[in-house]
Structures are given as structure tokens and as C-alpha cells.
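A.B. asks: how does the following fold in three dimensions:
(4 chains)
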2 protein chains.
Amino acid sequence: MSVLDSQVATRLAEQDIRYTRARRAVVAALQDIDGPRTAAEIHESLRGDVPLSSLYRTLSVLDQSGVLVPHTGAKGLVRYELAEWITGHHHHLVCLKCGTIEDTDVPPSFESRMEKMVEKIGTSTGFNAVDHSLEIHGVCLACS
Amino acid sequence: MSVLDSQVATRLAEQDIRYTRARRAVVAALQDIDGPRTAAEIHESLRGDVPLSSLYRTLSVLDQSGVLVPHTGAKGLVRYELAEWITGHHHHLVCLKCGTIEDTDVPPSFESRMEKMVEKIGTSTGFNAVDHSLEIHGVCLACS
DNA sequence: TTCCTTGCAAACGATTTGCATTGGA
DNA sequence: TCCAATGCAAATCGTTTGCAAGGAA
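C.D. replies: Residues are numbered from 1 along each chain as shown, chains lettered A, B, ... in the order given. Alright, predicted model coming up:
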């Protein structure tokens, strides 16, 4: 059991949620990938080991328990990735052609300024900010 | 015909696309709103004047002609808003509870720094950046 | 008049759910 | 053991499309 696996196991145990075969498989699959993926993509990378209907339930459980985060970045498809307490904070490159989303980082100095700004926007508008993500839209290497 | 209307009319005329009743209605509906809305929401605010299937076709035409921009921000629903050449550049407050997206601005000094950064990320990763949007996630006033 | 656009109904694709069975702590 | 998780098939929901009728240039 990898470090990541035991972190996730702990997180699920705290909530009395079982860490089953399907759930392990999904976490493992997302571990090797640096960006959100759709249910269909995960299903394929699992070579059909987990039927789609179970996969959707698995994604939903892992989302609600804070292990995954959903993104609905492009083409109206929901894409999941490991939560930031696992991957670390990052931002997204969204391809306008194929809809793929990849992770990217920004310089720490910019990041801290962005955080302050987000906080300020919250207090001045009544919007209770929790999180933020800079979405950069364009065309990825594979599509250009 | 409002200023906005004639701008849109011109844009469509350049592409030999008719500015019909349904298209005018959608543009007018989005004009009063400061954030992306789903087809269902637009349909409702039009009080069913435009049937859903026609509405989807209308949204698609206005998207392809550069009048609207789609966002797939939350709950896996596609939301449309007027393009930035009409509304001006802005960012988004995304409510994690109800999924609504509202527009917001950031200070110009921050904005220009963000633009430079986005450009740099593009050149250093092979990703051809076109556009960006800071998505601030949290809980909106109505939901808290 | 001539296409483009509309409306209706049927088709589609992603996601969800009911229910009987299996499996994990 | 005992309840949660799974697998299958059917249902649901947002969105798309074929086709005949109506409308803008």
C-alpha cells in the first residue's frame, strides 16, 4: 500500500467509508495522471474492470469524501482529479479543441498575491470564497 | 434597436447570419444578467417563447458567430454569456452549492500581471494560450 | 422566391437509480 | 455476520437531429 493509498485509506476510515477494490483502482488510475479525466477516460484506463455505473458511484463517493474534485471544464463533461491536499495547489490549461485539462503551476509570488485578492473579493461582495483556480484557455500541443 | 443590438446585428451580418426573433430574444435576455446562464434558465426567462430545441440551436449559432461564450462551470451544465467584446473582460464567482456563476472584476494592476503570466506559461509549455479566467469557488450570498 | 430558421417529436449520450447479489470490516 | 458496495438493466436528463412548415432577405 503506497503512501498515497494509506492517506486516502485514513481519510475514508474517518468517515466510515470502505476503501474497496473499485475505489483503490480509481485512485491508482488518477495517481499517474496530471489533470482531470472524465468517467469514460477512467473507465478505459481501467480496461473495463469497473463497470460504468459502478464507476460513477465510486467517483461520487470519492468526491463527497474529499478525495476527488470534479471539474466541468469543457465539452460539458465532468472530469475528476485528486484533491489538492493530495496533489498540491495548481491551476489548469484547458484545451478549446479537445477539451482536455492539464495541471500547471504559477510562481509563488503571483500565487500569494492571487490569494490575497481572492480573499478581498470575498469580503467585499458577500461571496464566501473557499478556493480558486486560474483557467487558461487555448490550444494544447497535441491539437496544434 | 439598442446599441448592443446593432453591434450584434453587424457581427451577424458580416457572416451572413440572420438576426431573427429568437436570436434577438436570447441576446436581450442575457443582456440584463451578469453571468453565464444555462439553456433551461434562459428558456424560463423567455417564458417558453422559444422552445428548448430551437433555443439550443440559437445558442449554438450565437456561440459559433462569436456573440456568446459557453462555460461549463458547475453541475455539468453548459452556461452561456455574452462574449467579452460586448461585456468587457471579467472573472467568475462559482457557487459550490447552487452552481450559479456571477461575473466579477479584479484590479487592473493584478489583471496585467496575470496576463503576462498567462503568456509566459504559454511560451514555456507549448500550450497556445488564447484567454484566461480566474474562477473563484465558494458559497454565494443566496446559499449561505 | 429561395434558403434559412423554426417547431415538433424522436434519437442520443452521459449519468443515475432499483434491485438482487456479493464482499469488506 | 451485516450492512455497504457492486453489477446489470432500465430510467432520467440535458442536448441534438430529421423533417415538414413558416419566415427573413
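A.B. asks: A:Arg23 versus A:Ser6, what's the distance?
C.D. replies: According to CB to CB, to the nearest Å, A:Ser6 and A:Arg23 sit 14 Å apart. From N, CA and C alone the C-beta is placed, and that goes for glycine too.
A.B. asks: neighbour count: these two, which is higher?
C.D. replies: For the pair A:Ser6 and A:Arg23, the greater number of neighbours falls to A:Arg23 (22 against 12), based on other CB atoms under 10 Å in any protein chain shown.
A.B. asks: excluding chain neighbours, what is closest to the more buried one?
C.D. replies: In this structure, A:Arg23 finds its nearest non-sequential neighbour in A:Thr58, 5.6 Å apart by CB to CB, 6 or more residues apart in numbering or on different chains.
A.B. asks: quick one: contacts of the helix or strand containing the one you found?
C.D. replies: With secondary structure defined by DSSP states H and E, A:Thr58 is part of helix A:52-64. The contact list for helix A:52-64, computed with CB atoms under 8 Å, 6 or more residues apart in numbering or on different chains, reads A:17, A:22-23, A:26-27, A:39-40, A:42-43, A:46, A:50, A:68-70, A:80.
A.B. asks: repeat that for stretch A:130-144.
C.D. replies: Outside stretch A:130-144, the residues within contact range by CB under 8 Å, 6+ apart are A:73, A:84, A:91-98, A:100, A:102, A:104, A:106, A:114-115, A:118, B:96, B:114, B:118, B:121-122, B:125-139.
A.B. asks: tell me which element the residue of chain A most remote from its centre is part of?
C.D. replies: Distance to the chain centre peaks in chain A at A:Ser124, reaching 28.6 Å (criterion: CA atoms, centre = their mean). A:Ser124 belongs to helix A:108-125 when assigned by DSSP H and E.
A.B. asks: likewise A:Ala29?
C.D. replies: Secondary structure assigned from DSSP H and E places A:Ala29 in helix A:21-31.
A.B. asks: and if you look at A:Arg47?
C.D. replies: For A:Arg47, there is no helix or strand it lies in under DSSP H and E.
A.B. asks: distance of it relative to chain B?
C.D. replies: To chain B, A:Arg47 is 25 Å away according to CB to the nearest CB, to the nearest Å.
A.B. asks: and what of A:Gly126?
C.D. replies: In this structure, A:Gly126 lies at 4 Å from chain B, with CB to the nearest CB as the measure.
A.B. asks: what is the neighbour count of that residue?
C.D. replies: Other residues near A:Gly126 number 11, with proximity taken as other CB under 10 Å.
A.B. asks: just to revisit the earlier point, buried ones in the helix holding A:Thr58?
C.D. replies: If you call a residue buried by 16 or more other CB atoms under 10 Å in any protein chain shown, then helix A:52-64 has these buried ones: A:Leu55, A:Thr58, A:Leu59, A:Val61, A:Leu62.
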